[in-house]
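[1] When you get a sec, could you give me coordinates for this:
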Amino acid sequence: MINKIIIIGGNVFKEDGPILNFIEICKKYKIKTFLITDKTHLKYPTKNNNTLKSELIKRKIEFKCFDKFDDNTLRFLINLKNKNSIIMSLNSIWIFNKKTISKLKTIYNYHNIDLPKFRGAACHSWRIMMGEMKTSLNIHLVSEKIDQGEIILRKKIKIPKHCLNLSDFYNYLIPHETNLFEEFIKRLNLKKFKLIKQNNSNSFYWPTLKTPINGFVDWNWTSKEIVSFCHAFDSPFVGISTFLNNKKIHLTNAKISDKKKFHPFQIGLIYRKVKSRIFVVTSNGGVSFNFQNPKKIKFKLGDRLYTDPKSILISRGVK
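    This next block holds a predicted model:
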């Protein structure tokens, strides 16, 4: 019987999952937990805006922080293990090398999006941009190649239309994630897993995204492309970036507002304002956004939003 799960990783930004939710499920099944985490995750806000570190202390969850995953971290893990314990990676920032996998023998990883279509990082932001509304939650064995290990447990889910941004999705995910984790724990003790080999010919890998760098919008895109891009960088983050009267601003909660045919010269112009929403010309119509304007930037109807070519290139990873 499994009596301890050693977890490596942390929470999603402004969420309790997957770490805190998984630990609560382990408590329900009387399984001890120990968390190996990093400084970045300890500073992450949770659902109630406390830091992960303060929540771990408040809930009396044992944890240890490492600056990096090196030989010291590996030795600590080896000493922490026992014959009735397993190692589980949940939202870990570390990649495990051949030596680590060999020494620890079996490492399980939770990947909350379809495999092999969404390997890598920031996958739900990429999914939102692509308009994918079906996915799967997966627990797979860790191999030397990122997200390519055999899948031991998969749960397919359909994402409802009201899940526009990441916060919407993670709220919707909680009961599905709970069911998957509970089934995983039950099967661990029964040792009933059917290994599913991933088909590499159907695989896609997506790189990490950082909202302040990658969130610059290109106003030459269509309304639909701009809206999906905005949703991908929306809550819990600050939204897409652009410029208004030489000041960087953030826009959220994008909606297609008009399908009227405009001239390309009109792209980026603010043509309407209703309370905190501004309406902007796109290449095939209009899109409205929430613009809270905390800096009180002065603007008027007819002013133009723009993103300079340098910011767009940097956002694409081109220096």
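[2] now the strands for the stretch 51-200 of the chain?
    For the stretch 51-200 of the chain, the strands defined by DSSP state E, counting those that start in this stretch occupy 63-65, 85-90, 107-111, 119-120, 134-141, 151-158.
[3] could these go into TSV alongside mean pLDDT?
    Converted to TSV, the strands of the stretch 51-200 of the chain look like this (pLDDT from 0 to 100):
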stretch	mean pLDDT
strand 63-65	97
strand 85-90	96
strand 107-111	97
strand 119-120	96
strand 134-141	97
strand 151-158	97
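[4] Just send these back as a markdown table, with mean neighbour count and distance to residue 268 too.
    Where C-beta positions appear, they are placed from N, C-alpha and C, glycine not excepted. Listed next are these as a markdown table, based on neighbours: other C-beta atoms under 10 Å; distance: least, C-beta to C-beta, whole Å:
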| stretch | mean neighbour count | distance to residue 268 |
| --- | --- | --- |
| strand 63-65 | 15 | 45 |
| strand 85-90 | 21 | 42 |
| strand 107-111 | 22 | 38 |
| strand 119-120 | 18 | 32 |
| strand 134-141 | 20 | 34 |
| strand 151-158 | 16 | 36 |
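[5] Switch those strands over to CSV; also include distance to residue 284.
    Output for the strands of the stretch 51-200 of the chain, formatted as CSV (distance: least, C-beta to C-beta, whole Å):
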stretch, distance to residue 284
strand 63-65, 49
strand 85-90, 41
strand 107-111, 36
strand 119-120, 30
strand 134-141, 27
strand 151-158, 29
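[6] Residue 22 is nearest to which of those?
    strand 85-90 (6.0 Å; C-beta to C-beta).
[7] residues contacting residue 181?
    18, 21-22, 25 (C-beta atoms under 8 Å, 6 or more residues apart in numbering).
[8] at 7 Å instead, please
    Contacts for residue 181 (C-beta atoms under 7 Å, 6 or more residues apart in numbering) come out as 22, 25.
[9] Residue 250 too?
    By C-beta under 7 Å, 6+ apart, the contact set of residue 250 is 238-241.
[10] before we move on, what SS does it have?
    The three-state assignment at residue 250 reads strand, by DSSP: H, G, I helix; E, B strand; the rest coil.
[11] per-residue pLDDT, it?
    Note on residue 250: pLDDT of 97.
[12] Tell me what residue 63 is bridged to.
    As for beta bridges, residue 63 partners with residue 35 under DSSP bridges.
[13] pretty sure residue 88 contacts residue 108?
    Yes: using C-beta atoms under 7 Å, residue 88 is in contact with residue 108, at 4.9 Å.
[14] Give me the neighbour count for residue 99.
    10 (other C-beta atoms under 10 Å).
[15] Excluding chain neighbours, what is closest to it?
    Counting by C-beta to C-beta, 6 or more residues apart in numbering, residue 74 is the residue found nearest to residue 99 once chain neighbours are left out, at 7.5 Å.
[16] So that neighbour is in contact with residue 102, correct?
    No: using C-beta under 7 Å, residue 74 makes no contact with residue 102, being 10.3 Å away.
[17] Looking only at neighbour counts, state which of these two leads.
    Using other C-beta under 10 Å as the criterion, residue 74 and residue 102 rank with residue 74 on top: 16 against 9.
[18] From residue 2, how far off is the more buried one?
    Distance of residue 74 to residue 2, given as C-beta to C-beta, to the nearest Å: 21 Å.
[19] again, but for residue 22
    On the measure of C-beta to C-beta, residue 22 and residue 2 end up 13 Å apart.
[20] Looking at the two, which is more packed in?
    residue 22 (26 against 15).
[21] residues contacting the more buried one?
    Residue 22 makes contact with 7, 90, 181 under the criterion C-beta under 7 Å, 6+ apart.
[22] hey, where'd the helices end up in this structure?
    Applying DSSP state H to the chain gives helices spanning 19-28, 39-43, 52-58, 71-80, 98-104, 123-130, 166-190, 211-214, 223-232, 309-315.
[23] List the buried residues for the shortest one?
    Going back to what we said before, that points to helix 211-214. Neighbour counts over helix 211-214 (16 or more other C-beta atoms under 10 Å) mark 211, 214 as buried.
[24] Can you tell me the centre-most residue of the chain?
    Centroid-nearest residue in the chain, with C-alpha atoms, centre = their mean: residue 122, separated by 4.6 Å.
[25] quick one, what contacts it?
    206, 208-209.
[26] Next one: it from residue 166, what distance?
    Using C-beta to C-beta, residue 122 is found at 9 Å from residue 166.
[27] Pull the number of nearby residues for the nearest residue to residue 161 once chain neighbours are set aside.
    Closest residue to residue 161 apart from its sequence neighbours, by C-beta to C-beta, 6+ apart: residue 133 at 7.4 Å. For residue 133, the tally of surrounding residues (other C-beta under 10 Å) stands at 13.
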